[in-house]
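1. Sequence plus the predicted model coming up.
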Amino acid sequence: MFKGNSSGFTLIETLIVIFIISLLSVLILADYQSGKKEYTLLQANQKLISDIRKVQNMSINGIEIEGLCSTASACYGYGIYFNSASSYILFADKNANRIYNAGEGFETVNLPFPIIIQSTSPLSANVFFESPNPDTYINNRTDISATIILQIQGTTFTKRININTAGLIQNN
């Protein structure tokens, strides 16, 4: 026969411990997924800033692009064109109009899912740096700044990038 002091766990105690562990696991997993999306937004934001600086530096240095810009066929500068909610185009201006035209793009960057370009101000923004100065043109104007807002689709999490008339890129 059993005496009153037996060691071990009862079935109820075991079920309660399993429930608590399961609940904590679900909470941690949900937080991980949210953090992963926020990290993807941060990466996309940094990539966009890097690409803006890339075309700005290409303009300063007068970089040649095989098949697009060379000493025989000069480019007047480099820019970035926001063509959709999920991508943007790096371009080399061939006709000195300081905006993107078909055939001038040398790289299309697709944003990772679920990141989108929520808005650009002004709409359909062309950010252009004229060689060799590099003067900054936003939609072919030197007197306005541009704002690009990236967002995690379906949430309110955003990152804002401002480009002023002097070419300063600010991350907010």
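-> That came in fine, so what should we check first?

2. Any chance you could list what contacts the helix or strand where residue 108 lies?
-> Using DSSP states H and E, the element containing residue 108 is strand 105-110. Strand 105-110 has contacts (CB atoms under 8 Å, 6 or more residues apart in numbering) with 47-48, 51, 65, 68, 81, 86-92. To be clear about C-beta, it is placed using only N, CA and C from the backbone, and glycine gets the same treatment.

3. Buried among the residues you listed? Make that a ChimeraX selection.
-> The ChimeraX command for the buried members of the contacts of strand 105-110 (criterion: 16 or more other CB atoms under 10 Å) is given here:
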select :48,51,81,88,89,90,91,92
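
4. Including distance to residue 152, pLDDT and secondary structure, could the contacts of strand 105-110 go into JSON lines?
-> Shown next, in JSON lines, are the contacts of strand 105-110 (distance: CB to CB, whole Å; pLDDT from 0 to 100; DSSP: H, G, I helix; E, B strand; the rest coil):
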{"residue": "47", "distance to residue 152": "15", "pLDDT": "97", "secondary structure": "helix"}
{"residue": "48", "distance to residue 152": "14", "pLDDT": "97", "secondary structure": "helix"}
{"residue": "51", "distance to residue 152": "19", "pLDDT": "97", "secondary structure": "helix"}
{"residue": "65", "distance to residue 152": "33", "pLDDT": "86", "secondary structure": "strand"}
{"residue": "68", "distance to residue 152": "34", "pLDDT": "85", "secondary structure": "coil"}
{"residue": "81", "distance to residue 152": "23", "pLDDT": "95", "secondary structure": "strand"}
{"residue": "86", "distance to residue 152": "13", "pLDDT": "95", "secondary structure": "coil"}
{"residue": "87", "distance to residue 152": "17", "pLDDT": "96", "secondary structure": "strand"}
{"residue": "88", "distance to residue 152": "17", "pLDDT": "96", "secondary structure": "strand"}
{"residue": "89", "distance to residue 152": "22", "pLDDT": "96", "secondary structure": "strand"}
{"residue": "90", "distance to residue 152": "24", "pLDDT": "96", "secondary structure": "strand"}
{"residue": "91", "distance to residue 152": "27", "pLDDT": "95", "secondary structure": "strand"}
{"residue": "92", "distance to residue 152": "32", "pLDDT": "94", "secondary structure": "strand"}
